[in-house]
Each structure stands twice: as structure tokens, then as C-alpha cells.
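Trainee: Below is the sequence, then the predicted model.
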Amino acid sequence: MMKNKFAVKASLFTLILAMLAIGTYAAVAVMKKNTITEKSTIVDPQWYQYDGSGDPTDASNYTLIQPQPADDGEANTLCPGTEEMCAVRALPGSSTQPATFSNQFKQDISNALANSAPTTEIKLHD
């Protein structure tokens, strides 16, 4: 009788360990899937050229620059001078236009124009 109790306890212990292992495997698989999904939804800002018509704080007045500048140094050569709106680096919206600008980004554009002071995301030219 003593052997049977031990065998039952050992079997129960083995079953619990197996269930923990399966649960851990499933949790890791879900975490990996979520990590892959999160990485695939990250969107980098792109450069858009101002078309010269309308409000420079309206995203619909910009079109995607092709090819994109390779780095910040190349982006700095997009627009010589510092007087008028030229280009912005913003999140993509449609295939050729940026997403709607936030109120803060609109203010940054207005400030850059008012002060003739380009930023890393806002380029001006003569």
C-alpha cells in the first residue's frame, strides 16, 4: 500500500511539472509573438517636401521626398538658406503624404518660420 501512495504522489508531481512546462512554453510563445508584432508596427518618420501652396502647418501640403535622405547630414542639404518653408520629417500618413500634424508640431513649424530657425525636423530655404 505504501508503494502505491508514493507512485501516485510521484505521478501527480510529474503531471504538475509537465503542466508548468507547457504553461511556460505558451507564455514565452505569446511574448515572442507580441514582440514581433510591436516591432513590425514601429514607423520611422520620413521627409516630406512643402509644395509651396497653402498653410505650411497643414500636412496635406507636403509630398514624400524620393529617395529619402540617407542621414541627417544629407537632410541638411535639402534646403539651403533659412527663410521659407521647405521640408519636414514627420510620420507617414498616406503613401505620399505625412500623417496629420500634432498641434505641437504645427507650433514648431510656426516658430521655425517666425524665427527663421530650422530644426532637425523642419527645414527652411531662401
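Mentor: Perfect, I can see it now.
Trainee: Next SSE downstream of the longest strand along the chain?
Mentor: Longest strand in the chain by number of residues (criterion: DSSP state E): strand 84-90. On the C-terminal side of strand 84-90, the nearest following helix or strand under DSSP states H and E is helix 103-115.
Trainee: thinking again about what came up before, can you name every helix or strand that the longest strand of the chain contacts?
Mentor: Other helices and strands packing on strand 84-90, by 3 or more CB pairs under 8 Å, 6 or more residues apart in numbering; DSSP states H and E, are strand 46-50, strand 62-64, helix 103-115, strand 122-125. Glycine gets a C-beta too; all of them are placed from N, C-alpha and C.
Trainee: tell me the most buried of these?
Mentor: When the helices and strands packed on strand 84-90 are scored by mean count of other CB atoms under 10 Å, the highest mean neighbour count falls to strand 122-125 (a mean of 22).
Trainee: Could you list the paired strands of it along with their orientation?
Mentor: Sheet pairing of strand 122-125 (DSSP bridges) gives strand 84-90 (antiparallel).
Trainee: can you tell me the average pLDDT over the strand it pairs with?
Mentor: The predicted model assigns strand 84-90 a mean pLDDT of 94.
Trainee: contacts for it?
Mentor: Strand 84-90 is contacted from outside by 45-50, 52, 56, 59, 62, 65, 75, 78-79, 98-99, 101, 105, 109, 113, 120-126, using CB atoms under 8 Å, 6 or more residues apart in numbering.
Trainee: if we can go back for a sec, export only the CA atoms of the longest strand of the chain, formatted as PDB.
Mentor: Written as PDB, here are the backbone C-alpha positions of strand 84-90 (Å, rounded to 0.1, in the frame of the first residue of the first chain):
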ATOM      1  CA  GLU A  84      10.800  79.900 -46.200                       C
ATOM      2  CA  MET A  85       9.300  76.500 -45.600                       C
ATOM      3  CA  CYS A  86      11.000  73.600 -47.400                       C
ATOM      4  CA  ALA A  87      10.600  70.200 -45.800                       C
ATOM      5  CA  VAL A  88       9.600  68.400 -42.700                       C
ATOM      6  CA  ARG A  89      10.400  65.000 -41.200                       C
ATOM      7  CA  ALA A  90       7.100  63.500 -40.000                       C
END
